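**Q** please find the sequence and the predicted model below.
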Amino acid sequence: MLVLKALLQALIAFAILLGAFQGMKTLVATKPDVPKRPVLERSYAVETTTLEQGSFAPDINVFGETTAGREVELRALVGGEVTEAHPNLKAGGHVSQGDVLLAIDRFDYEGAVTEAEANLAEARAGLVESEGRVELERANVVRAQEQLEFAQRDLERAEELVGRGAVTERTVDDRRLLVSQRQQAVEQRQNSLALEEAKVVQQTATLKRLQWGLENANRQLDNTVLRAPFDAIVRTEAAEPGRLVSVNDAVVSLYSSDEFEVRFTLSDNQYGRLLAESGTVVGRPVEVTWYLGNKAVLYPATVSRIGADVASTRGGVEVIAVIDSEDATVPLRPGAFVEIVLPDRTYPDSFRIPETAYYGEGTVYVVMDDRLVPREVDALAIDDGFILVSGDLQSGETLLTTRIPEAGAGLLVNDVTGGAAAGTQAAADASAETE
């Protein structure tokens, strides 16, 4: 009985399962068809810009150091005790052109001037005396020559009369003796005149020497005062009232307060590009930026010259530019570490595109009918987040600027910015850089 009961329960359970299975098949067979949704193509939201062809010059960014345009180390030209010093004669102090930086005791030098003036006055008096004696001796020579002429005529008459027997031979001899004496007197006077003239020459030379001595004494007196040669900042000083200084002692070092230069190094490639374009770097505009905390102070500058030697240790060519700090709101100082920006060579008929638009080794994408079209370009130069390129591009085309890993030909995109506005700005930038 138990076996039959178990078998009956198994048959009932099987019948229930079979009925459920048949019912499920019936429901599946009679299920209405569900309409399928079409597969939609994915579209990428992107930003674009409008291409503009023009002449672009990228910026060269380097760093440099400011230096003084003029600097001088002043030394004492005379020795003595310092009696006066400028109140700003301290490191960092400002002095104006012509200011008395320091003064040295004048007593000895004033005495030297007085003595030189006295010696010169004596020499001038001696010259006047010598010139007077010369004039006197010249007059004596004239008188002696007149007496000689009288004696010669008297001798000639006596020689004529001796032939007639009117005078004796002794008389003629006396006349000859007198002529000889007069000749000797003339020679003596001429020698005396030459001697006095030599004394005048000697006294004139002495006078010149004493004049130089007076000029030197006055110069030494002037050198007791040391003045600022230009508007300057005091770098170092080594003088104060009461100190004794000797000749050639360095007493103050100054640098110009309104003339500054900046020195920086261009690589061989950068320097070569600039030379290839214009033949020289001199005269090229430079923008100097001095960062003071979070504040950037700008100074215009112009390249004035190239360093005398190639800066081999720094790997390039040293360039010096003169800074125009006339309208500067913050005064410069030597030794400031600054950033320099100067225009590189100009690339005509090029396009300036964002770095994000450049793919691989020279592919960019333009947007046509909301789809990407690849174009091949050549990279010319990098310009602070942009790349200058040339190649298969046209002004007015819309360029993809959003970086898309899936970028490829025919990719569907949706421009969320509008290339026209960006293109207008690019055109303005191109025009500004061309100018």
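**A** Structure's in. What do you need?
**Q** only C-alpha atoms for contact and neighbour calcs from this point on.
**A** Will do.
**Q** wait, a helix at residue 213?
**A** Yes. Assigned with DSSP: H, G, I helix; E, B strand; the rest coil, residue 213 falls within a helix.
**Q** residues near it, how many?
**A** When neighbours are counted by other CA atoms under 10 Å, residue 213 registers 19.
**Q** begin at 27, not 1, for the rest of this chat.
**A** All set: I'll call the first residue 27, so the last point we hit is now residue 239.
**Q** wait, residue 261 touches residue 118, no?
**A** Yes. Counting by CA atoms under 8 Å, residue 261 does reach residue 118; the two are 6.0 Å apart.
**Q** look at those two and report which has more neighbours.
**A** Neighbours were counted for residue 261 and for residue 118 using other CA under 10 Å; residue 261 has more, 18 against 14.
**Q** what comes up buried for stretch 191-198?
**A** The neighbour-count check on stretch 191-198 (16 or more other CA atoms under 10 Å) flags residue 198 as buried.
**Q** can you give me the helices in this structure?
**A** Secondary structure of the chain by DSSP state H: the helices cover 28-55, 133-188, 195-248, 294-304, 445-460.
**Q** now render these as a markdown table, adding mean pLDDT and distance to residue 321.
**A** Below are the helices of the chain laid out as a markdown table (pLDDT from 0 to 100; distance: least, CA to CA, whole Å):
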| stretch | mean pLDDT | distance to residue 321 |
| --- | --- | --- |
| helix 28-55 | 71 | 77 |
| helix 133-188 | 89 | 54 |
| helix 195-248 | 90 | 47 |
| helix 294-304 | 86 | 29 |
| helix 445-460 | 41 | 25 |
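**Q** in TSV, list those helices along with distance to residue 365.
**A** Shown next, in TSV, are the helices of the chain (distance: least, CA to CA, whole Å):
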stretch	distance to residue 365
helix 28-55	79
helix 133-188	52
helix 195-248	45
helix 294-304	16
helix 445-460	20
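**Q** which stretch among those helices comes nearest residue 361?
**A** With CA to CA as the measure, helix 294-304 is the member of the helices of the chain nearest residue 361 (24.0 Å).
**Q** which other residues reach the top strand by length along the chain?
**A** The residue-count maximum for a strand in the chain (DSSP state E) belongs to strand 321-337. Outside strand 321-337, the residues within contact range by CA atoms under 8 Å, 6 or more residues apart in numbering are 291, 307-317, 342-351, 354, 356.
**Q** distance check, residue 198 against residue 91.
**A** With the distance defined as CA to CA, to the nearest Å, residue 198 ends up 105 Å from residue 91.
**Q** would you confirm that residue 405 contacts residue 389?
**A** No. Residue 405 is beyond contact range of residue 389, at 9.8 Å (criterion: CA under 8 Å).
**Q** okay, and the beta partners of the residue nearest in space to the middle of the chain?
**A** Centrality entry for the chain: nearest residue to the mean C-alpha point is residue 348, 3.5 Å, by CA atoms, centre = their mean. Under DSSP bridges, the beta-bridge partners of residue 348 are residue 287, residue 328.
**Q** can you get me a residue count around residue 91?
**A** So residue 91, with other CA under 10 Å, has 17 neighbours.
**Q** likewise for residue 117?
**A** So residue 117, with other CA under 10 Å, has 14 neighbours.
**Q** any idea how far residue 251 is from it?
**A** With distances taken as CA to CA, residue 117 is found 20 Å from residue 251.
**Q** same check on residue 374?
**A** When residue 374 is compared with residue 251 (using CA to CA), they lie 61 Å apart.
**Q** when those two are compared, which one has more neighbours?
**A** residue 251 (22 against 13).
**Q** spatially nearest residue to the more buried one (excluding sequence neighbours)?
**A** residue 129 (4.5 Å; CA to CA, 6 or more residues apart in numbering).
**Q** OK, contacts around residue 366?
**A** Contacts of residue 366 by CA under 8 Å, 6+ apart are 86-90, 290, 312-315.
**Q** if you set the cut-off to 6 Å instead, what comes out?
**A** Residues in contact with residue 366 (CA atoms under 6 Å, 6 or more residues apart in numbering) are 87-89, 313-314.
**Q** let's have those residues in TSV, adding distance to residue 281, neighbour count and pLDDT.
**A** As requested, these are arranged in TSV below (distance: CA to CA, whole Å; neighbours: other CA atoms under 10 Å; pLDDT from 0 to 100):
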residue	distance to residue 281	neighbour count	pLDDT
87	28	15	90
88	26	15	92
89	23	16	93
313	23	17	94
314	20	26	94
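**Q** want to throw these into TSV with distance to residue 398?
**A** Conversion of those to TSV gives the following (distance: CA to CA, whole Å):
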residue	distance to residue 398
87	34
88	38
89	41
313	40
314	42
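**Q** from the contacts of strand 321-337, which would you call buried?
**A** Buried among these (16+ other CA under 10 Å): 291, 307-308, 310-316, 342-351.
**Q** surely residue 396 touches residue 439?
**A** Yes. Counting by CA atoms under 6 Å, residue 439 is a contact partner of residue 396 at 5.4 Å.
**Q** how many residues are close by residue 119?
**A** What residue 119 shows, counting by other CA under 10 Å, is a neighbour count of 15.
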